[in-house]
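Trainee: Provided below are the primary sequence and the corresponding predicted coordinates.
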Amino acid sequence: MTETIDRDAVLGAPQLRLVGSVDEAMYQEFRSQLAAAPEDGPLVVALTTLGGNPEIARAMGDDVRLLRDTGREVIFLGKAAVYSAGATFMASFPVHARFLTKGATLMVHERQITRTINLSGPLKSCTAQLKAALNEIEQSITIEEAGFARFVEGSDVDFDELRDRAPNNWYIPCDEAKERGLIADVI
């Protein structure tokens, strides 16, 4: 994809088009479209999402990585909104294979949790419940930070900047994403 004409032609006809919440249904649609896609040439995955399940996004990203490991060129095309879990999925693509359409916006934030812990029973079991919740939170932070590192790898955005901005929902317009090196180009 060295020539602009070729790049635009390839990006203008994505083989996979995903819209909506990143969830089990999207993953099933992703797998179905992937199975029906041509086996040769670059594979373009277009995504528009307001977010969803980050673990589903990571699973889809693993599928992309495995395809790239076989030598297949896989390209990300974000359209309109690539929020939350969509940005997690985008992070599985190297910067040179990330594109956004004009007017598209990225949004990155910290993982969220809503949990009520009801302690009941012997004190030792209460301690175990609290430790289990803390372990889940710490593991989620580790996974989140690994994703943040992949998201900024090869860009001008420092990991610490992303970590500092993520708690406040960092919205990144396509032009800023291009200027900061988070994507290859805006089309």
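Mentor: Sure, I can see it.
Trainee: Could you check how far the longest strand anywhere in the chain is from the centre of its chain?
Mentor: Longest strand in the chain by number of residues (criterion: DSSP state E): strand 74-83. Distance of strand 74-83 from the chain centroid (CA atoms, centre = their mean, to the nearest Å) equals 9 Å.
Trainee: Now do the buried residues in that strand.
Mentor: 74-79, 81-83 (16 or more other CB atoms under 10 Å). Every residue, glycine included, has its C-beta placed from N, CA and C.
Trainee: can you check stretch 164-173 too?
Mentor: Within stretch 164-173, the residues scored as buried using 16+ other CB under 10 Å are 165-166, 170, 172.
Trainee: what about Gly103, how many residues close to it?
Mentor: Close neighbours of Gly103, defined as other CB atoms under 10 Å, add up to 12.
Trainee: In this structure it contacts Cys174, no?
Mentor: Yes: using CB atoms under 8 Å, Gly103 is in contact with Cys174, at 6.6 Å.
Trainee: all strands of this protein, in order?
Mentor: Under DSSP E, the chain gives strands at 16-19, 43-49, 74-83, 98-100, 105-108, 170-173, 185-186.
Trainee: Val152: which of these is closest?
Mentor: strand 105-108 (9.6 Å; CB to CB).
Trainee: quick one: the closest one to chain centroid distance?
Mentor: 10 Å.
Trainee: Now tell me what touches it from outside.
Mentor: Identification of contacts with strand 105-108 by CB atoms under 8 Å, 6 or more residues apart in numbering yields 51, 78, 80-84, 86-87, 90, 100, 148, 151, 162, 165-166, 169-174, 177, 182.
Trainee: how about low-confidence regions in the chain?
Mentor: Residues of the chain that meet the criterion pLDDT under 70 lie in 1-5.
Trainee: what's the closest residue to Pro94 other than its chain neighbours in contact with, if anything?
Mentor: Computed as CB to CB, 6 or more residues apart in numbering, the closest residue to Pro94 that is not its neighbour in sequence is Gly154, at 6.4 Å. Going by CB under 8 Å, 6+ apart, Gly154 touches 94-96, 181.
Trainee: quick revisit: could you dump the buried residues of strand 74-83 to TSV with distance to Ala35?
Mentor: Formatted as TSV, the buried residues of strand 74-83 follow (distance: CB to CB, whole Å):
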residue	distance to Ala35
Val74	15
Ile75	18
Phe76	19
Leu77	20
Gly78	23
Lys79	22
Ala81	26
Val82	24
Tyr83	27
